[in-house]
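Below is the sequence, then the predicted model.
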Amino acid sequence: MDTRTTIDTFIGYYRERGHHRLTGSSLLPPPGDPVLFTTSGMHPLTPYLEGRPHPGGRRLVNLQRCLRTTDLDEVGDDTHLTVFEMLGSWSLGDYDGPTSLRWGHDLLVDGFGVDPGRLHVTVFGGDDRVGPDHESLETWSELGLPVEETREDNWWSNGPTGPCGPDSEIFYWTGDTPPEGTPTGDPRWVEVWNHVMMRYHRHPDGSLEPLVQRNVDTGMGLERMVTVLQGRSSVFDSDGFEPWRRTVPGLWGLDGEPLRIVCDHLRSGIVVVGDGIGPSNTGQGYVLRRLLRRVLTRLWRGGESPTLSDLPGELIGHTLDHFGQSVGVHRVREVFGDEERRFRDLLRRGRPLVRRQSSRGPLGEEDYRYLHDTHGLPRELVTGLLSEG
């Protein structure tokens, strides 16, 4: 089952059950939202989870592209990406949590053909404020899946304040042996779907107030799900990355983790530019700048001959087409090229500065602050220059 079939199967399943498909999936959050980028499918729906009527009705389904920098240092492993897509379904005060869980089980087993014997779930087991999620516990027991109860791992919120509630996470066994252990104890259990029972609003003082409506919010990472359905060991081995795997190693002689990081960051950079963002020293533009400079830092460890202009237009176009973005290949090349020139200039100015600063001994916090505040050299760049010897 390829990426397109996975999307169509998910969306079709929920549309058959009366869900309205949302349009628009930009990385840019709604006006007034304090976050830099959309980080989950529910993010743009926060006002409707809190009770505002949605023009599409009370049952919604969507494919939302997301960007998270919190996982940046984990990119390169088997499951994490900077830009990814999230399949989601929502009940805005309509059907209950057990219905969502039963539909989820049905879609996984009968719709996607997942072996139920390789599934395990986790459920909120209660804390000193909220009791255990008995409804989910009973539902999963009726469906015959093993259940692990946790606390913090199964309480979902989109930030320090706002909608929140207990969640139930569905894991798939990726090991070569028969399933063993539990999701919190064995990394071979990979989370593929999260069902949140959005019942509370958390206030700044930490207190919880019941929402005016009981919602259900689910999120399935598309790339992870496709990886499972295709029997791959890594998101980078799924069909969505096939053009990258075929093209990039021959360009720059990369393999392993460096290849994964370069492919992820360039793909993410294309998507960010596709949503209208250019490099800058602050905000959204700084995220793009950081991604491109992390790529160049890796490419130039053996010298500064590799260039982003080597990236084929076909690969850029494939990424823009997949994410439904209308920005042209030329614009992406222009942004990447300008940022590469700036970074080359910064490196040439920075090398002697870092060499002189480090000649006095190991760099301390004051040295890093001086290099950043006076000369514009980020800590990550200084660390990279130090590793050059």
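Nice, I can see it.

what residues are up against E257?
Shown in contact with E257 (CB atoms under 8 Å, 6 or more residues apart in numbering): G76. Every residue, glycine included, has its C-beta placed from N, CA and C.

Can you tell me the SS state at it?
Of the three states, E257 takes helix under DSSP: H, G, I helix; E, B strand; the rest coil.

Tell me how far the nearest residue to V335 once chain neighbours are set aside lies from R333.
Leaving aside its sequence neighbours, V335 sits nearest to V273 (CB to CB, 6 or more residues apart in numbering; 5.0 Å). To R333, V273 is 10 Å away according to CB to CB, to the nearest Å.

Next, please give the residue ranges for the helices of the stretch 151-300 of the chain.
With DSSP state H, counting those that start in this stretch, the ranges of helices along the stretch 151-300 of the chain come out as 222-229, 242-252, 256-274, 283-299.

same question for the second one, mean pLDDT?
Which is helix 242-252. Mean pLDDT, helix 242-252: 94.

Output the helices of the stretch 151-300 of the chain as JSON lines; include the columns distance to S100.
Converted to JSON lines, the helices of the stretch 151-300 of the chain look like this (distance: least, CB to CB, whole Å):
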{"stretch": "helix 222-229", "distance to S100": "17"}
{"stretch": "helix 242-252", "distance to S100": "33"}
{"stretch": "helix 256-274", "distance to S100": "29"}
{"stretch": "helix 283-299", "distance to S100": "33"}
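
Quick one: closest of the ones you listed to H20.
For H20, the closest of those is helix 222-229, at 19.5 Å, according to CB to CB.

in stretch 223-241, what counts as buried?
Residues of stretch 223-241 classed as buried: 223-229, 232, 235-241 (neighbour count, 16 or more other CB atoms under 10 Å).

ok, the residue nearest to V335 - contacts?
Contact analysis of V273 by CB under 8 Å, 6+ apart lists L288, V327, R331, V332, V335, F336.

Phi and psi next, for R331.
R331 adopts backbone torsions of phi -60, psi -40, taken as degrees, to the nearest 10.

Could you report the neighbour count for it?
Counted with other CB atoms under 10 Å, residues neighbouring R331 total 16.

So what's the model's average confidence on stretch 145-160?
91.

got the contact list for W300?
Listed by CB under 8 Å, 6+ apart, the contact set of W300 reads P306, L347.

what about it, distance to R246?
23 Å.

Contacts only, for the most centrally placed residue in the chain.
Nearest residue to the geometric centre of the chain (CA atoms, centre = their mean): F84, 4.7 Å. Neighbouring residues of F84 by CB under 8 Å, 6+ apart: R65, C66, R68, G221, L222, E223.

hmm, try it at 6 Å
Residues in contact with F84, defined by CB atoms under 6 Å, 6 or more residues apart in numbering, are C66, E223.

how would you label it: helix, strand or coil?
Applying three-state DSSP: F84 is strand.

try the one 5 residues further on
Of the three states, S89 takes strand according to three-state DSSP.

Neighbours of it, how many?
Considering only other CB under 10 Å, S89 is surrounded by 26 other residues.

just M220 next, same as before
24.

Check what pLDDT it gets.
Reported pLDDT for M220: 96.

Beta-bridge partners for it, please?
Beta bridges link M220 to L87 when assigned by DSSP bridges.

gap between it and S309?
37 Å.

residues contacting the closest residue to M198 other than its chain neighbours?
Among residues not flanking M198 along the chain, N215 sits closest, at 4.0 Å (CB to CB, 6+ apart). Residues counted as contacts of N215 (CB under 6 Å, 6+ apart) are L49, L92, M198.

again, only this time at 7 Å
L49, W90, S91, L92, G93, M198 (CB atoms under 7 Å, 6 or more residues apart in numbering).

so what pLDDT did the fifth one get?
Looking at G93, its pLDDT is 96.

Around it, how many other residues sit close by?
There are 16 residues near G93, going by other CB under 10 Å.

give me phi/psi at it?
According to degrees, to the nearest 10, G93 has phi 70, psi 20.

Test my guess that it contacts D217.
No: the pair G93 / D217 is not scored as a contact, 11.9 Å apart, by CB atoms under 7 Å.

hmm, back to that, which one of the contacts of N215 is nearest to F124?
Nearest member of the contacts of N215 to F124, counting by CB to CB, is M198, at 12.5 Å.

My read is that the closest one contacts P163, right?
Yes: A contact is recorded between M198 and P163 when judged using CB under 7 Å, the distance being 5.1 Å.

hey, where'd the strands end up in the chain?
Using DSSP state E, the strands of the chain run over residues 20-21, 59-67, 83-92, 119-124, 147-150, 155-157, 162-173, 189-202, 208-221.
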